[in-house]
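Student: no FASTA, just this:
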């Protein structure tokens, strides 16, 4: 898949910048000392230095399509990001800067790689190209690993979805709806607790705990006549 995106990216640069094949080369090799020594014409180097998963929030949900057999669904395909460092190599710095400026304008003008540059079924949806975010920068030791020749460049990000999820037939839509009522046993009424008379002098049975059991001893004073009884109105 990555080599297919590389070829599509090269075609994008040649058509959108444009970079004429007869005058400017395009290379995806690591721009180390041996590669630099073999240059014999102005060249744009597009070095893939990192591949990462795109944010999940950007590629979540369910895809749906209708076919002759019915409706099919699948989880949205995951997105990936290809991070490239694009540098220009020429005998004059002014020529390098001119190429970088032309590439920058093309990326800002058209942020999508044309679909006709990618074979059918390689990607799902558009293949976007943009300047990379400041948080995703080439590490400082990158140039040291390539021989220490520091060069200005454009950090590009190509974002695409990979068609790795399978379509699954959706269940048929309901054609009817049935309602029912379950029989529920009646709830028995609970009588309210009777009011308890407490004598004014505070006399009450004495509570004693024996072997973990609380019992009442003694006798409560007699209840005055009529207290707590229903009285005729």
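Tutor: Sure thing, it's come through. Source: prediction; values computed, not measured.
Student: isn't residue 156 right up against residue 131?
Tutor: Yes. Counting by C-beta atoms under 8 Å, residue 131 is a contact partner of residue 156 at 6.6 Å. From N, CA and C alone the C-beta is placed, and that goes for glycine too.
Student: list residues touching both of the two?
Tutor: Common neighbours of residue 156 and residue 131 are listed as residue 107 (criterion: C-beta atoms under 8 Å, 6 or more residues apart in numbering).
Student: Compare neighbour counts for those two and give me the winner.
Tutor: Higher neighbour count among residue 156 and residue 131: residue 156, with 20 against 13, using other C-beta atoms under 10 Å.
Student: Strands of the chain, residue ranges please.
Tutor: 25-27, 43-53, 62-67, 70-75, 79-89, 112-113, 127-131, 153-161, 168-169, 206-210, 213-217 (DSSP state E).
Student: If we go by neighbour counts, what in the first one is buried?
Tutor: Applying a neighbour-count criterion of 16 or more other C-beta atoms under 10 Å, the buried positions in strand 25-27 are 26-27.
Student: can I get the strands of the chain in JSON lines with distance to residue 37 and mean pLDDT?
Tutor: What follows is those, written out as JSON lines (distance: least, C-beta to C-beta, whole Å; pLDDT from 0 to 100):
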{"stretch": "strand 25-27", "distance to residue 37": "13", "mean pLDDT": "97"}
{"stretch": "strand 43-53", "distance to residue 37": "12", "mean pLDDT": "94"}
{"stretch": "strand 62-67", "distance to residue 37": "49", "mean pLDDT": "76"}
{"stretch": "strand 70-75", "distance to residue 37": "49", "mean pLDDT": "79"}
{"stretch": "strand 79-89", "distance to residue 37": "11", "mean pLDDT": "94"}
{"stretch": "strand 112-113", "distance to residue 37": "32", "mean pLDDT": "96"}
{"stretch": "strand 127-131", "distance to residue 37": "30", "mean pLDDT": "96"}
{"stretch": "strand 153-161", "distance to residue 37": "19", "mean pLDDT": "94"}
{"stretch": "strand 168-169", "distance to residue 37": "54", "mean pLDDT": "76"}
{"stretch": "strand 206-210", "distance to residue 37": "99", "mean pLDDT": "64"}
{"stretch": "strand 213-217", "distance to residue 37": "100", "mean pLDDT": "60"}
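Student: Ok, which of those strands comes nearest residue 121?
Tutor: Closest approach to residue 121 among the strands of the chain is made by strand 153-161 (12.0 Å; C-beta to C-beta).
Student: Run the chain-centre distance for that closest one.
Tutor: 18 Å (C-alpha atoms, centre = their mean, to the nearest Å).
Student: what helices or strands is that strand leaning on?
Tutor: helix 2-16, strand 79-89, helix 93-109, strand 127-131 (3 or more C-beta pairs under 8 Å, 6 or more residues apart in numbering; DSSP states H and E).
Student: give me that answer again for 6 Å
Tutor: Packing partners of strand 153-161 (3 or more C-beta pairs under 6 Å, 6 or more residues apart in numbering; DSSP states H and E): strand 79-89, strand 127-131.
Student: mind listing what residue 41 touches?
Tutor: The contact partners of residue 41, by C-beta atoms under 6 Å, 6 or more residues apart in numbering, come to residue 25.
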